[in-house]
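Peer 1: using only what follows, build the 3D model:
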Amino acid sequence: MSIKAIRAAFAHCAFTGLSRNHLGLLLTELQPPWTAAREDRLHARRTRERVRKAGAGRRPRLSFTDRVVITLVHLRLAIPHAALAIAYGVDRATSTRAVTQIRALLARRGFATPAGTRLHTLADVFAYGAAEGVTLRLDATEIRVRRPQQGRPGRKAFVSGKLKQNTIKTTVAADHHGATLWCGATRPGRMHDLTAARIEGIDTLLDAYPDVTLLVDAGYQGLARDHPGPVCAPPLKLRPGAPPEQQTAWEHDRKHQSSQRIAVEHTIAELKWWRVLQRFTGRRELLPETINAIAGIVSDKSAGLTW
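Peer 2: Below is the predicted model:
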């Protein structure tokens with residue numbers, strides 16, 4: 001099989017998870033920052049100004065398009081770098097370097113919105129919700145990771161009390177359509193969902209944007225207690241022996257709140273569609289960048305910017 005056929009096959013949506021139009025838009029967006037970063041690396045290596053024109057000299061084994069496609073295929077299907085290197089006829093270090101460079105560019109893109117702006121922080125999300133009148137949905141999800149080596153400090157911090165496995169959790173914000181507005185607050189799996197959100201300053205943001213409504217699950221009951229107006233959590237469970245009419249009303253309120261909040265669950269499911277987030281086998285410190293890279297791509301599709 002020729003390298004030309006391999007390039008054409010890997011660029012298919014079955015491998016990248018993106019339509020051809022979305023892939024073309026992504027290439028157009030990433031080309032300038034990748035070129036600028038490459039020139040910066042070359043300048044640092046030369047320690048002087050360029051003598052020959054840009055493009056002179058030996059051509060790289062992987063073109064810019066190849067690097068983007070390799071990164072997308074790795075994120076979508078979790079194909080090892082060594083296998084991608086064999087397919088493209090390059091060294092494993094070359095494919096790893098390509099994934100590292102493009103993944104960083106994808107992570108810095110931010111999260112697209114239907115209004116056309118891109119969000120980068122939780123403060124941006126609250127400002128967007130206040131400006132557009134959007135009711136936010138917030139939830140956390142856990143991703144399985146490799147267990148730290150024995151004897152390493154903080155090893156138990158990754159053991160999730162819910163899954164009983166080594167995980168890292170991240171917090172996701174979405175709107176009523178399930179569009180990904182933000183992913184962040186990435187912390188070890190042992191940390192509580194609410195604690196991770198408080199570290200990001202969610203209490204200050206709720207005070208600064210009192211008109212923004214936030215729908216959460218039962219794990220954020222403490223946040224709803226501290227901010228009873230803007231934060232809506234499921235009703236507390238009734239005590240045993242409650243009258244039937246109270247049980248009926250409680251079940252109705254619980255289902256109503258869950259049906260409004262379910263959009264963020266669909267957002268998380270769309271993120272987990274990328275296999276590398278189902279179980280992350282790479283270095284744990286690279287997971288936040290990987291999550292942001294995938295979430296930015298998913299937000300393009302949910303915001304309708306890919307057609």
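
Peer 1: my read is residue 42 is in a helix, agree?
Peer 2: Yes. Residue 42: assigned to a helix according to DSSP: H, G, I helix; E, B strand; the rest coil.

Peer 1: what's the neighbour count on the nearest residue in space to it that is not next to it in sequence?
Peer 2: Spatial nearest neighbour of residue 42, chain neighbours left out: residue 50 (7.6 Å); criterion: Cβ to Cβ, 6 or more residues apart in numbering. For glycine as for every other residue, the C-beta is placed from the backbone atoms N, C-alpha and C. Neighbours of residue 50 under the rule other Cβ atoms under 10 Å: 11.

Peer 1: quick one, phi/psi of residue 50?
Peer 2: Reported as degrees, to the nearest 10, the phi and psi values for residue 50 are phi -70, psi 140.

Peer 1: any idea how far it lies from residue 203?
Peer 2: 51 Å (Cβ to Cβ, to the nearest Å).

Peer 1: and residue 216, what does it touch?
Peer 2: 137, 138, 139, 223, 224, 231, 232, 233, 261 (Cβ atoms under 8 Å, 6 or more residues apart in numbering).

Peer 1: of those residues, which belong to helices?
Peer 2: Mapping the contacts of residue 216 onto helices (DSSP state H) picks out 223, 224, 261.

Peer 1: surely the first one touches residue 230?
Peer 2: No. The pair formed by residue 223 and residue 230 falls short of the contact definition of Cβ atoms under 8 Å, at 9.6 Å.

Peer 1: need the overlap of contacts for those two.
Peer 2: By Cβ under 8 Å, 6+ apart, residue 223 and residue 230 have these common neighbours: 206, 214.

Peer 1: sorry, back to before: take the contacts of residue 216 and write them to TSV, including neighbour count.
Peer 2: As requested, the contacts of residue 216 are exported to TSV (neighbours: other Cβ atoms under 10 Å):
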residue	neighbour count
137	26
138	26
139	21
223	22
224	21
231	22
232	19
233	20
261	22
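
Peer 1: from what I can see residue 188 touches residue 161, true?
Peer 2: No. Applying Cβ under 8 Å, one finds residue 188 not in contact with residue 161, separated by 11.3 Å.

Peer 1: show me the helices in this structure, by range?
Peer 2: 3-10, 13-16, 20-46, 64-77, 81-88, 92-107, 122-132, 193-199, 202-208, 221-226, 244-272, 287-302.
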